[in-house]
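# the following comprises the amino acid sequence and a computationally predicted model.
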Amino acid sequence: MNVSSNATDLVSVQGLIEPVAGAATYTTSWFYAGNANAWEAIVSAGTVGTSVDAKIEQASDSSGTGAKDLSGSDITQLVAAGSALIQLKPADLDNANDFDHIRLSITTVGATSVAAGVLQGACVTNAPLAAGAKVDETVTV
């Protein structure tokens, strides 16, 4: 790593689920997993009415063809305010069946549940990787 590198040369926020309230499932867009050597989803729950669940889903293209859960990516259900991390590598996907895209999925249960999530790629393969569409601004000092 170059000491003059910015964090965005190493880690790139790709998907965002802005704070949401109410009982529903919220997802990021699909992202090509090969754009980074490692991925991390950060899930944060504020008020929890009943529970907050999160997982990574995988698909064979950016439109979600064949979408299915990534085995082992489900968090332990949050039943109170808190956070959880989901970490994965592109090799964790069903590569044998050409699954190479991922997204974060958060399900809030209970009308008063509030949650948010970030899906970021680390050690991006073609740095810098452009921030995802929901990132409104990046300020670099």
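Perfect, I can see it now. All figures in this text were calculated on a predicted structure; none of them were measured in a lab.

# and the strands in this protein?
Residue ranges of the strands in the chain, as given by DSSP state E, are 11-21, 24-27, 31-32, 36-45, 51-59, 68-69, 82-88, 101-109, 114-124.

# to Val139, which of those strands lies closest?
Judged by Cβ to Cβ, the one of the strands of the chain that comes nearest to Val139 is strand 11-21, at 13.0 Å. (Each C-beta comes from the backbone N, C-alpha and C, glycine too.)

# now do that closest one, average pLDDT.
Confidence over strand 11-21 (mean pLDDT, whole number) is 89.

# repeat for stretch 103-123
With pLDDT averaged residue by residue, stretch 103-123 scores 93.

# check contacts around the spatially most central residue of the chain.
The C-alpha lying nearest the average C-alpha coordinate of the chain belongs to Leu119 (Cα atoms, centre = their mean; 2.6 Å). Contact analysis of Leu119 by Cβ atoms under 8 Å, 6 or more residues apart in numbering lists 13-16, 28, 31, 39-41, 102-104, 132.

# what is the nearest of those to Glu57?
Checking the contacts of Leu119 against Glu57 by Cβ to Cβ gives Arg103 as the nearest, at 5.3 Å.

# so who does the closest one touch?
Counting by Cβ under 8 Å, 6+ apart, the residues that Arg103 touches are Gly15, Thr27, Thr28, Ser29, Trp30, Phe31, Ile56, Glu57, Ala59, Gly64, Leu119.

# kindly report the same for Gln77.
Shown here is Gln77, whose contacts under the criterion Cβ under 8 Å, 6+ apart are Ser51, Val52, Asp53.

# by neighbours, which of these wins?
Each of those was scored by neighbour count (other Cβ atoms under 10 Å); the top score is that of Val52, with 29 neighbours.

# in contact with that one, which residues?
Each residue near Val52 by Cβ under 8 Å, 6+ apart is listed here: Val43, Ala45, Gln77, Leu78, Ile106, Thr107, Thr108, Val109, Ser113, Ala115.
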